[in-house]
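K.L.:
Next comes the sequence, and after it the predicted model I'd like to discuss.
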Amino acid sequence: MPLVDVTITEGRSPEQVRALIHALHSAVVTTVDALPEHVRVIVREVPRSNWATGDVTVEEWKGPR
């Protein structure tokens with residue numbers, strides 16, 4: 001049972017998140033020959049203020065959305 005766990009920063013529309021889930025699901029079914037009903041996809045959204053690279057948060061680097 002394949003599990004895809006993706007973490008992204010908050011700020012995408014529900015339609016974008018849904019499209020991501022669809023694309024990931026399709027990629028797993030196609031590439032590892034998994035049954036569609038066995039594929040699990042988790043999308044975790046993290047606030048931009050809680051994600052940092054080199055002591056700079058995404059919010060500080062890119063600004064608030």
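P.N.:
Nice, I can see it. Numbering: from 1, shown residues only.
K.L.:
Please make it C-alpha for all contacts and neighbour counts, starting now.
P.N.:
OK.
K.L.:
any idea which helix or strand comes after the host helix or strand of Arg18?
P.N.:
Using DSSP states H and E, Arg18 sits within helix 14-32. Next along the chain after helix 14-32, taking DSSP H and E as the criterion, comes strand 40-46.
K.L.:
which helices and strands sit right next to whatever helix or strand comes next after that following strand?
P.N.:
Proceeding N to C from strand 40-46, the next assigned helix or strand is strand 52-53, under DSSP H and E. Contacts defined by 3 or more CA pairs under 8 Å, 6 or more residues apart in numbering; DSSP states H and E place strand 52-53 against no helix or strand at all.
K.L.:
centre of the chain versus the helix-or-strand element of the chain with minimal mean pLDDT, how much separation?
P.N.:
Least confident helix or strand of the chain, by mean pLDDT, DSSP states H and E, is helix 58-62 with a mean of 90. Remark: helix 58-62 is offset 18 Å from the chain centroid, using CA atoms, centre = their mean, to the nearest Å.
K.L.:
give me the low-pLDDT residue ranges for this protein?
P.N.:
For the chain, applying pLDDT under 70 flags no range at all.
K.L.:
Surely Val6 forms part of a strand?
P.N.:
Yes - under DSSP: H, G, I helix; E, B strand; the rest coil, Val6 sits within a strand.
K.L.:
Verify the stated contact: it with Arg40.
P.N.:
No - judged on CA atoms under 8 Å, Val6 makes no contact with Arg40 at a distance of 11.1 Å.
K.L.:
Pro2: what's it in contact with?
P.N.:
Counting by CA atoms under 8 Å, 6 or more residues apart in numbering, Pro2 makes contact with Val28, Ala34, His38, Val39, Arg40.
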